[in-house]
Every structure is written in C-alpha cells, then in structure tokens.
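**Q** What would the 3D arrangement of this be:
(4 chains)
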There are 2 protein chains.
Amino acid sequence: MSNSKLYKGSLNTIILKLLNEHDKMYGYEITQKVKALTQGELNITEGALYPALHKLEAEGLLDVEVAKVDNRLRKYYKLTESGTKETVNKLEELAEYIKTMQTLMNPKLA
Amino acid sequence: MSNSKLYKGSLNTIILKLLNEHDKMYGYEITQKVKALTQGELNITEGALYPALHKLEAEGLLDVEVAKVDNRLRKYYKLTESGTKETVNKLEELAEYIKTMQTLMNPKLA
DNA sequence: AAATATACATAATTTTCTTATGTATAAGAT
DNA sequence: ATCTTATACATAAGAAAATTATGTATATTT
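**A** Sure thing, here's the model as predicted:
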C-alpha cells in the first residue's frame, strides 16, 4: 500500500469515496485509479482490496454485479443506500482525524 | 483510542511529536496530554501506549529514566538523537498522508 | 470506608494489512 | 511461436497495531 503506516484504516474510506464518485467500479479498476490519482504514492494491494470489498458487501454497503468483458471476469461494485450514508460518515471522520492530528502536531495554535 | 479506525498507525507519530515538544514525559502524562489537547476526541489506551513505548525504546528512539514521585513509580521517556530524526520523518509522512488523502477525496482539484 | 485517580504492566483477541501463492485470459515483445 | 507483462479474480499464512480485559500498587477525594 505504502511505506507509511498511516494508511492503515484508510482503505474503506478510499473505496467508498471512489464508488461515490464513479458510481460503479471493479476491483482492478480501483487499484489503477488510486495509483493514477496519487501518482504512484499509494498502491492498493490485492490482498488488502479484495477482502475489504467482500466485507463491505457482507455489511450491506456495496452491491455486486458480475460481468464478462473480453472473455474476462469483472465484478462491478456500487454503493447501496446504506453505503452512501456510510460514505458521508467516513468523510466526516477523515476531516475530524486531520483536524485532530493537526492540533496535536501544532499545539501552539490550540 | 477513538471510534474512528483512521488513528490506527498514528500512535508512534503522536508519541514522538509530544516528546519532541515536551522534552521528557511519562506514560500516563502522555494519555492525559492527548486527551486535553484533543478535548476528549482521542483517548490513548494503556494497552496500546505501553507496548508502543517499549518498542520505541527497544528500537533506540527513546531513552528511559525511572523516578519515584509521591512514592509512586514514573518512567520518563525522552527522544534519543535517532528519535529526533525519526520524528522529522513521521511529520513528513503525516503531511504526505494528508495531502494524498485530500487528493483522493477531492479529485476535481487533481 | 469506598470510589476515583495516578501509574505501571501484560495476555488474549481482533482488525487490518503484507507477502506469497494460485487460476485464467489478453496483449505485447522477442 | 514463445515469453513476459497486463488484466482480473481469489485466498491463506503471517505480521503489526490496536482493543479489551485483567492485574498490581499507591494517593486522593467523596
């Protein structure tokens, strides 16, 4: 994923936000999109991504739709209604996290 | 620590920065300082803190000095030279993390 | 006298990720 | 034609970081 441990716990937020933005995506597409957007900074590994997608689906935040393109399997994921709500929560949590960490790193301003 | 999973992986950064700011601190003091600075948002649990301090010490980033105050034990930790260097790295990593996540959350601006 | 705060510690478990491995098809390079 | 890389999924073993629970001990507040 990255040499920095700070990304631990961020994967679900990233997945949900990308699906919120792009309506429907498949796993491999997500890895490529993240790599492109971050200019290589962040590389989602398959061993992290696929279990995360399965868990989000099991929790009812994502729906799956299987497709065959060029004789190859694709599993398109999209947000459920509850997934859209959870995306909002995750974005709020990220904003709060950043605010809190900036407070801790810059205590003079607190 | 917090209901948000995003703090996973942030504890070392927080410890190092506090010690960089305050020169020497003991474990319990760190938990109270973090609680105060974040107004209760972040509560470092003992089960996370003490093993983290021991590990940072084992890695040579912290030095320990035992003291007895009011008949109670205190273990004061301070940064080693290598700990000070690592603090700079951690702060750079945090800045990079925030930048990357903001790019992902706000792709219009990328 | 009882409850809370101060101050340390560790063990069992859970969560999240890395690393390694596996299957299969398509496309590009030699 | 063959080899490598890319596309596309998956899981299993292990590591890392946290949670939750428990334990010890002293000081302070109710």
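**Q** Next to DNA strand C, which bits of chain A? Give me the list.
**A** Residues of chain A lying close to DNA strand C (Cβ under 7 Å from any atom of the strand) are A:1-2, A:7-12, A:45-48, A:51-52, A:55, A:70-72. Where C-beta positions appear, they are placed from N, C-alpha and C, glycine not excepted.
**Q** Take the residues you listed and keep only those in helices.
**A** Among the residues of chain A next to DNA strand C, the members falling in helices (DSSP state H) are A:Leu11, A:Asn12, A:Glu46, A:Gly47, A:Ala48, A:Pro51, A:Ala52, A:Lys55.
**Q** so can I have a markdown table of these showing pLDDT, neighbour count and distance to B:Glu92?
**A** Listed next are those as a markdown table, based on pLDDT from 0 to 100; neighbours: other Cβ atoms under 10 Å in any protein chain shown; distance: Cβ to Cβ, whole Å:
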| residue | pLDDT | neighbour count | distance to B:Glu92 |
| --- | --- | --- | --- |
| A:Leu11 | 98 | 22 | 22 |
| A:Asn12 | 98 | 19 | 25 |
| A:Glu46 | 97 | 10 | 28 |
| A:Gly47 | 97 | 9 | 27 |
| A:Ala48 | 98 | 15 | 24 |
| A:Pro51 | 98 | 11 | 30 |
| A:Ala52 | 98 | 18 | 27 |
| A:Lys55 | 98 | 12 | 32 |
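**Q** ok, now how distant is the residue of chain A found nearest DNA strand C from A:Met1?
**A** Nearest to DNA strand C, among the residues of chain A, is A:Gly47, at 1.9 Å (Cβ to the nearest atom of the strand). Using Cβ to Cβ, to the nearest Å, A:Gly47 is found at 10 Å from A:Met1.
**Q** about what we covered before: out of the ones in helices among the residues of chain A next to DNA strand C, which are close to chain B?
**A** Residues of those in contact with chain B (Cβ under 8 Å from any Cβ of the partner chain): A:Asn12.
**Q** Now that A:Ile98 has come up, it's in contact with B:Thr100, right?
**A** No: using Cβ atoms under 8 Å, A:Ile98 makes no contact with B:Thr100, being 11.7 Å away.
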